[in-house]
Every structure is written in C-alpha cells, then in structure tokens.
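Visitor: no sequence for this one, just the structure:
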C-alpha cells in the first residue's frame, strides 16, 4: 500500500510539472498541420493528413517555412513530400493555429506513455529498490517526453539522443539482470560518456538532419543488437534448465516482452518505420503497454523482494560521471564567455581531445579521492558504526574463547545494523572436528553446487538478484531465502595468494525493513575482513591442535600396538611360515593373526580395515578378541566370519568395513580350507614355479548379512601359499609408478627357490628399493605358508 501511494503521488506531481512546462514554453502561432522529425519524417499524430504519415517532407521547404518571420498572414504553404516509392509531390497545406493546451491533446498518447513509464519506474524503485529497472523505465519516460518536445517545439534534441543511447546501454545491463547475474558496473562510466558525446555532437551540429538521422539510427541499432543477444541468451537458459509449469510460462512471457521492445528499432532500421509510422498512434501505445504487462508478469515473482543494489562502487561511479560532465560543461561555458576563441568553436574536437587527455591523467586519483570522501562521511563520521567496529576490534584482543568471541561479534553486528540474523556459511571439510553448535555456523558440502557458485564469484550476492535466474540460481535463491538472508559477503583466505573463499557471511534483512546505507555496507565489509582473519587464525590453531593430537595418538597407538602384537605360535608339525607386517603410521590397520588349533592345524587371518591409524588399530584389536573368543567356543570358520560381519553391522551401521581372508592349514590332510571376504587373491605357487591365483571372493564384512561359505584347496608338498594386503601391490615409486600384482608375481617367480621364511625378508628389501625416498603410504602385510618335508 505504501509503494502504491508513493507511486500515485509521484506520477501526479510529474503530471502537474509537465502541464505547467507546456503552458510556459508554448507560444500560440500558426504551424503546418503535421509534425515531423528534423530529418523530415512525418509522424502519425493528428487526425488529418493520414496519407502522408511515414513519408518525408522536403527539408529545404521546412527550413524556409520555419525561417519566416511573419506567419500570421499566411493561410497555406507549399511543401514537397517524398513518398516511399520515390515519387515527390508538392502539396499546399493549410496552416493551423495551435493554442497552449492543444499540444497536450495532440500528444496525449505520447504524454501518457511518459507518465506510465514514470509510474512503472517509481513503483519498481519503491517496491524493489532495483536501480537498474528504475533507470530503464525512467529513461524510457524521458525518451517519450523529449520526443514530444522535438516534434512540437523542435528542441530537446540533446536529451532525446542522450536518453536514446542510454536506453540501449541499459538494455545491455538487462542481459545480466534478467539472467540472474551481477551487472558489470565498470562499463557504466564509458557508456554514459558515449551517450553524452553523441548528444553533444547532435546539439552542436543540429542544422545537419542527415547527421542526426545517422546518429539516431546507430542508437536504435545498438539497442536492437543488445535486445537480440538478450533473447538468445534467455532462450539458451530456457533449453538448458528446462523449467516447468508457471516458471516456464514466466520465462517465455519475459522473452516475448523483449521481442516487443525491439520491434520499433527493428522497424526503423529494416522496414523504414513500417508499420509504426503508418498506422494510428493508439496501436503503438497498445504495444508498449503490452510490453509493460509482459515484462511485469515475467518478473513479478522477484520484483516484490526488497533489495539494495546501490553499493559504494556504483555511488563512486555516479559521482565521477557527474564531475566529468559538470567539468566539461563548465569548461565549455568558461571558454564561451571568458575566452571567446573562434578556433575552439570551429574545431571543437581539439578541445574534446584535450579534455579527454586531462581526465585520463586525473581519473584514477580522482576516483580514489571520491571513495575516501564517501567512506569518511558515511562511515567514519557515523558514531554508531564507529562504536560497533571499535567493539569488534577490542574483542579480537580479549582473553575469550573462540566460541565466545564469535558470538560476541555476531551480537555486536546485529545490534549495530539492526539485522534479524547473521550466519557464517562454511564448507563441510572446514573445522570438521569442531563443535559449532549455537555459534550461527552452517556447514555445507564443499562439492555442492551452492558452495561452488560462491567459490566461483568474488562479488557480493544479493538474494533478490538471483530470483531472475533459473536452475542453479533459483536453487541458490531458495536456499538463501529459506535462511532469511538478504546479502552474502565472501570472506577470503588471507594466507593464500589466490582469492580462495574461506566462508560466506550471510546477513538477514533489517528489523525496520529499511535498506542498508553506504556507511553500513562499509561497516559490513570491514566486519567481513575481520571475520576472515579470525577464521584463518582459528584454522591455524585447529591445525596445530590436530598435529599435536596426531603425535599423541601415534604415541598412544605405539603403546597399544605393543600390547596387540602378533603372538607367534610354537612350531606346528609339518608347517613352515614367514611374514612381514609394517604399519604406515604407529599402528597397523592390517589384521594378521596366526593361531594354532591343534598339533597339525593352524588358522591364519589376514584382513584390511578401511584406513589406518589409532582408530583402525583399536578395531583390529577388537577383531582379534572376537576371533580368539569364538575359537575358544569351538566356532567354525564360517561362524567366525558371520560374527565379525555382525559386529561391524551392529556397531558401525555400514560406515566401516573390512576385507578378510582366513583359513585353516592342515598338515595332516595337506589342505587349506579358507574364506575370502572381498580380499585380494590367494596366490598358490607350485613346486615347479607355476603360479595360480584364487580370486573367488564373497561380500566384504560390515555391509550386509551374508552366509559365508568356505573353499578347500589341496596343497602338495613343496607348494607355497601367499597372502598379502594392498599395501604391497599399491605401493608407489618416486616416479609415481605402481608396484602392482604383476611385479609381485614376477618377484615370486624369480625367488621360487627360496623358503617361505626367506621370501618376506627379500620382499621387504625389494619394496624399500622400489619406493626409494618416497614414504610408505599404506600398511604392508605379507605371509607365506608351506608344508615342510616332515
């Protein structure tokens, strides 16, 4: 209701000012019964002379009529009309006398368009604070208004050309806005300057209609070009994201509105103004209103979202543009009245070149000075913001815990800015071991599309801007809107040379529903820098704590490992074995167990728990305990595997798993009865050196309930069996070459004459030579078995 009231009052005020400007400017005089542009193009205004709409009046005849000093005595005047087919005909037109209020009646459609454009601009501004769309429709209103002044009074050419070019460039920015992207504000200054220069050229050389026509056509062509790009990119987004239902309808309607918008420049460039200058003016008004309705419908979902789009860089740019234009006009006036040098006015390009050179030299220092001035008056002079930043700075040196410091900073920011909430968004792998509950931290997967979006942009994200997009931008909008966030500021990793984002500082709306001022945005920027530094210090502290914890865990693990080391059985009749077991860190994640069952039987287990370190070491010790307890209870080999599987499933719910190869070696029966639960192949090397891989496996332990079945292998005297972990085959050399299963088999072939006790020793030396200076990356376990000669 508030926005609607302001819109109505603003447009009413505009109407009154417009009316009095017409009354003050216009003089009652006789004129031709048609209206035309400086090029002679006759427009479709007025009820008579429809037969000459869209054709051209002879420019020399028009100049003769306009230069007549006394027109009151004339009743008609001959004008040559050039038709589209090339024919030229002289027609005597009866002169008409226009009263002060007649212009309003004749140009009622154009004035309505100007009024309507202003109303739309005011509404967009007060309902969304979107400066781009506000400027776009305000500029259109000025185009319609200046068009009336050109046709009725042959004045305001400067305003018309300036707004026409600015409209084309604002259409370029709409390409970004309607696709949910940030506006490239760096182009704003040169675009305004180009518009200004073109308008100055026309105003200085206004006596050359052909030059005016060419400049106007270039402006229409520029607007048409950007409009086509806008349509193509929106259609591309449409096919790429494939929205459904109402979202699809809105996007299609929005594209149609752009089609309608570029219809006029397309007609002027390719169709000589057909049909817009040949039909009644009402159809043009109807088409424009249709464009407004389509545009409004295509964007209404996000135009009601309050947002702030004017940030400090934009303000600096606007001030800089104002200074440049003001300086140029000031120099022109000064040289016109103080230094009347004819050469300067005949060869204005010399002056323009000199002014451009001076501005280029002083542009950057001037921009920095403006920024310093804005920061001082809007930020440093504000007592509330200064006090807030001083409190936050003092908190950094206070002897508080990290949790209390972050909570205090959040509280200070919320009180200073009067915002509803503040959230720190971090990737899931950051501070993974820290309890961040009740600290306004939100974790998000580091590989998620939302975090990748933040990580790929270095701009402040405005929630309402994202609503213009579809696909990922719509997902991001829903995410931020669900958190009641209005602005998202990136906090960078200050220790990195690249712009790596450590966190996103998310700010909610202000409690009073007002918008952030320039000083408040500067305050937020300073808080974000402090937050980035604080998070970096906290990360370094956590890394140091984790390093010390790892050292402590390794020391503890070594103590535990000493208590869990393999207890070698006494000699078993007819069985020889040898092994190596070398952990990557202080304790091994490989499970190796050799347990005598009788005087002629031995049970062997070799498994690999996911990971390595203290956690897997404790898990290995638990498995050892389960195995030995089950053996005391007389459990079969199949039963032992089922018990281990049940232990993993009940304790870890599928989050931990283990591969295991275990079997009973019987010297009396010359057999090896074994089960392979997802482990590497069992290697059988016969007396003649032939090698066979037994690769049949069953499901790994810890995933699903499984009935494990055993296999039985008859082992002849002299045959050797080898069990190994992936630390053997997945070892890497200094040149990143992998050892692999083929190298292991080749090694066993080469040392086939060695005993099973000697082979592990040679293998350990082989592995060390293969790695070179490269550290061992995984636990290494290898065991060889054979039947002795007795």
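Guide: Arrived safely, thanks for sending. Quick caveat: nothing in here was measured; it's all calculated off a predicted structure.
Visitor: pretty sure residue 705 is in a helix, no?
Guide: No. Read with DSSP: H, G, I helix; E, B strand; the rest coil, residue 705 is coil and lies in no helix.
Visitor: where does the stretch 251-400 of the chain dip in pLDDT?
Guide: Within the stretch 251-400 of the chain, the segments meeting pLDDT under 70 span 300-318, 321, 329, 332-353, 397-400.
Visitor: the stretch 651-790 of the chain now?
Guide: 654, 789-790.
Visitor: what ranges do the strands span in it?
Guide: Here the stretch 651-790 of the chain has its strands, by DSSP state E, counting those that start in this stretch, at 658-666, 671-677, 682-685, 691-694, 711-714, 720-724, 780-787.
Visitor: now for the fourth one, which elements pack on it?
Guide: When contacts are defined as 3 or more C-beta pairs under 8 Å, 6 or more residues apart in numbering; DSSP states H and E, strand 691-694 sits against strand 682-685, helix 740-750. Glycine gets a C-beta too; all of them are placed from N, C-alpha and C.
Visitor: got it, and the longest one?
Guide: Other elements packing on strand 658-666 under the criterion 3+ C-beta pairs under 8 Å, 6+ apart are strand 601-609, helix 637-652, strand 671-677.
Visitor: quick one: residue 751 from residue 164, how far?
Guide: Counting by C-beta to C-beta, to the nearest Å, the gap from residue 751 to residue 164 is 88 Å.
Visitor: more neighbours, the two?
Guide: When residue 751 and residue 164 are compared for neighbours, residue 164 comes out ahead with 26 against 15, by other C-beta atoms under 10 Å.
Visitor: check contacts around that one.
Guide: 143, 216, 219-220, 223 (C-beta atoms under 8 Å, 6 or more residues apart in numbering).
Visitor: hang on, the earlier thing: mind checking the helices and strands packed on strand 691-694 for the one nearest to residue 609?
Guide: strand 682-685 (19.3 Å; C-beta to C-beta).
Visitor: the closest one pairs with which strands, parallel or anti?
Guide: Strand 682-685 sits in its sheet next to strand 691-694 (antiparallel), strand 720-724 (antiparallel), going by DSSP bridges.
Visitor: so which of those strands comes closest to residue 91?
Guide: When the strands paired with strand 682-685 are compared by C-beta to C-beta, strand 691-694 sits nearest residue 91, at 104.1 Å.
Visitor: confidence score at the closest residue to residue 757 other than its chain neighbours?
Guide: Spatial nearest neighbour of residue 757, excluding adjacent residues (C-beta to C-beta, 6 or more residues apart in numbering): residue 578 at 3.6 Å. For residue 578, the model assigns a pLDDT of 90.
Visitor: name the residue closest to the centre of the chain, please.
Guide: For the chain, residue 453 is the residue whose C-alpha lies nearest the centre (C-alpha atoms, centre = their mean; 3.6 Å).
Visitor: so that one: helix, strand or coil?
Guide: Under the three-state scheme (three-state DSSP), residue 453 adopts helix.
Visitor: three-state assignment of residue 486?
Guide: Secondary structure, three-state DSSP: residue 486 is strand.
Visitor: where in the stretch 101-250 of the chain is pLDDT low?
Guide: Across the stretch 101-250 of the chain (using pLDDT under 70), the flagged ranges come out as 101, 126-129, 180, 182, 205-207, 246.
Visitor: at 50 instead, please
Guide: Residue ranges of the stretch 101-250 of the chain with pLDDT under 50: none are present.
Visitor: how about the helices in it?
Guide: With helices called from DSSP state H, counting those that start in this stretch, the stretch 101-250 of the chain shows them at 102-106, 108-128, 131-153, 157-177, 188-204, 209-241, 245-261.
Visitor: nearest to residue 592, out of these?
Guide: Comparing the helices of the stretch 101-250 of the chain by C-beta to C-beta, helix 209-241 comes nearest, at 54.8 Å.
Visitor: tell me the angle the closest one makes with helix 157-177.
Guide: For helix 209-241 against helix 157-177, the angle by axes from the mean of the first three to the mean of the last three C-alpha atoms, to 10 degrees is 10 degrees.
Visitor: for helix 209-241, packing partners?
Guide: Packing partners of helix 209-241 (3+ C-beta pairs under 8 Å, 6+ apart): helix 157-177, helix 188-204, helix 245-261, helix 263-270.
Visitor: make JSON lines out of those helices and add distance to residue 81.
Guide: Listed next are the helices and strands packed on helix 209-241 as JSON lines, based on distance: least, C-beta to C-beta, whole Å:
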{"stretch": "helix 157-177", "distance to residue 81": "23"}
{"stretch": "helix 188-204", "distance to residue 81": "25"}
{"stretch": "helix 245-261", "distance to residue 81": "31"}
{"stretch": "helix 263-270", "distance to residue 81": "20"}
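Visitor: deepest-packed of those, please.
Guide: Greatest average neighbour count among the helices and strands packed on helix 209-241 goes to helix 157-177 (a mean of 22), per mean count of other C-beta atoms under 10 Å.
Visitor: now find how far off-centre that one is within its chain.
Guide: 27 Å (C-alpha atoms, centre = their mean, to the nearest Å).
Visitor: ok, back up a step: columns distance to residue 406 on top of the strands of the stretch 651-790 of the chain, output as TSV?
Guide: Below are those laid out as TSV (distance: least, C-beta to C-beta, whole Å):
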stretch	distance to residue 406
strand 658-666	40
strand 671-677	47
strand 682-685	55
strand 691-694	57
strand 711-714	59
strand 720-724	50
strand 780-787	44
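Visitor: figure out which of those strands is closest to residue 70.
Guide: Taking C-beta to C-beta, strand 658-666 is the member of the strands of the stretch 651-790 of the chain nearest to residue 70, at 109.7 Å.
Visitor: what angle do helix 637-652 and that closest one make with each other?
Guide: Interaxial angle, strand 658-666 versus helix 637-652 (the same axes, to 10 degrees): 160 degrees.
Visitor: what count of nearby residues applies to residue 42?
Guide: Taking other C-beta under 10 Å as the criterion, the count of residues near residue 42 is 21.
Visitor: and it, backbone torsions?
Guide: With angles defined as degrees, to the nearest 10, residue 42 sits at phi -90, psi 130.
Visitor: gap between it and residue 446?
Guide: The separation that residue 42 has from residue 446, given C-beta to C-beta, amounts to 66 Å.
Visitor: now do residue 538
Guide: Per C-beta to C-beta, residue 538 is found 17 Å from residue 446.
Visitor: just to revisit the earlier point, can you list the contacts of residue 164 in CSV and add distance to residue 410 and neighbour count?
Guide: Formatted as CSV, these follow (distance: C-beta to C-beta, whole Å; neighbours: other C-beta atoms under 10 Å):
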residue, distance to residue 410, neighbour count
143, 48, 21
216, 56, 21
219, 51, 24
220, 53, 20
223, 47, 23
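Visitor: save these as CSV, and put in distance to residue 171 too.
Guide: What follows is those, written out as CSV (distance: C-beta to C-beta, whole Å):
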residue, distance to residue 171
143, 12
216, 16
219, 11
220, 11
223, 5
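Visitor: from those residues, pick the one nearest residue 186.
Guide: Looking across those and measuring by C-beta to C-beta, the closest to residue 186 is residue 223, at 20.7 Å.
Visitor: so the closest one touches residue 166, yeah?
Guide: No. If you go by C-beta atoms under 8 Å, residue 223 and residue 166 don't touch, sitting 10.1 Å apart.
Visitor: highest mean neighbour count out of the helices and strands packed on strand 691-694?
Guide: Ranked by mean neighbours (mean count of other C-beta under 10 Å), the helices and strands packed on strand 691-694 are led by strand 682-685, with a mean of 21.
Visitor: could you count how many residues lie near residue 760?
Guide: So residue 760, with other C-beta under 10 Å, has 21 neighbours.
Visitor: also residue 758?
Guide: Residues lying near residue 758 (other C-beta under 10 Å) number 13.
Visitor: quick check, it in contact with residue 578.
Guide: Yes. Assessed by C-beta under 8 Å, residue 758 is found in contact with residue 578 at 7.0 Å.
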